[in-house]
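Asker: next comes the sequence, and after it the predicted model I'd like to discuss.
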Amino acid sequence: MAGSQCCSNPPTLNPHGGAGTVELLGGLKTYISASSNSKHAVLLISDIFGYEAPNIRMVADKVAAAGFYVAVPNFFYDDPFVYDNKPLQVWLKDHGTDKGLEDAKPVVEALKAKGFSSIGAAGFCWGAKVVTGLSKSKSFISAAVLLHPSFVSLDNIKEVNVPIAILGAEIDDYGPPTLLKQFEEILVAKPEVDCHVEIFPNVEHGWAVRYNADDQVAANSANEAHKKMLDWFSKYVK
């Protein structure tokens, strides 16, 4: 179900990275990055490498600089996927997306308790399935973005009820362009749900968060995806 593409380009984790701080939110340790005038919140849900990955925190800081209060929870309880510790399929048994969704709900409630009535959520790979679950109800989030999604089914997409942008890779075994086009067909048939589906050329699964910042071409593609994500939240999280 998941293999080399999900695990490629593993980051070097850094618990002290980023411009933000780590706080408890909804019962989970959470990387928080926020501007002084944040009026709306964004929940970022990582891929299998977790909330200490430098790029996910870099993305959080970028979204915060645009005026949002950004939360990146530690959904894996300090047990992100690590090569050679155990096979990915074994790791996934203890870190399923269903559990991630249940853990995400108290985080959303905690954000609301802070006064954020409008919340966006973006998920990368593993996190995209969790965000899709939150997208079933406007009582959870106002808008969603999926970046190189994994584990998301046609039935999941049929249940989406908030504006959703899906940003996929041309080279992707887990969210291939053919599947994302089917997602688009389902969403277009729901006129009450605004959607945007885009396939980024010449990039692989994971490109938006597991890129080498020193590789200008890779960084440019990732930055373009981040801008599209921010544009979506600026439009619908207000």
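Answerer: Arrived safely.

Asker: quick one: strands adjacent to the longest strand along the chain?
Answerer: Longest strand of the chain, by residue count under DSSP state E: strand 195-204. When pairing is defined by DSSP bridges, strand 195-204 lines up against strand 164-171 (parallel).

Asker: and the top helix by length along the chain, how far out from the chain middle?
Answerer: Looking across the chain with DSSP state H, the single longest helix is helix 216-236. Distance of helix 216-236 from the chain centroid (Cα atoms, centre = their mean, to the nearest Å) equals 13 Å.

Asker: again with stretch 104-119
Answerer: Counting by Cα atoms, centre = their mean, stretch 104-119 comes out at 16 Å from the chain centroid.

Asker: picking that back up, any idea of the mean pLDDT in the longest helix of the chain?
Answerer: Averaged over helix 216-236, pLDDT sits at 96.

Asker: run the angle between that helix and strand 195-204 for me.
Answerer: Interaxial angle, helix 216-236 versus strand 195-204 (axes from the mean of the first three to the mean of the last three Cα atoms, to 10 degrees): 170 degrees.

Asker: and helix 216-236, what does it pack onto?
Answerer: helix 54-65, strand 119-124, strand 143-147, strand 164-171, strand 195-204 (3 or more Cβ pairs under 8 Å, 6 or more residues apart in numbering; DSSP states H and E). Quick note: C-beta positions are derived from backbone N, CA and C, even for glycine.

Asker: dump the ones you listed to TSV, plus mean pLDDT.
Answerer: Below are the helices and strands packed on helix 216-236 laid out as TSV (pLDDT from 0 to 100):
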stretch	mean pLDDT
helix 54-65	96
strand 119-124	98
strand 143-147	98
strand 164-171	97
strand 195-204	96
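
Asker: same list (the ones you listed) but as JSON lines, adding distance to residue 85.
Answerer: Putting the helices and strands packed on helix 216-236 into JSON lines (distance: least, Cβ to Cβ, whole Å) gives the following:
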{"stretch": "helix 54-65", "distance to residue 85": "20"}
{"stretch": "strand 119-124", "distance to residue 85": "21"}
{"stretch": "strand 143-147", "distance to residue 85": "25"}
{"stretch": "strand 164-171", "distance to residue 85": "26"}
{"stretch": "strand 195-204", "distance to residue 85": "24"}
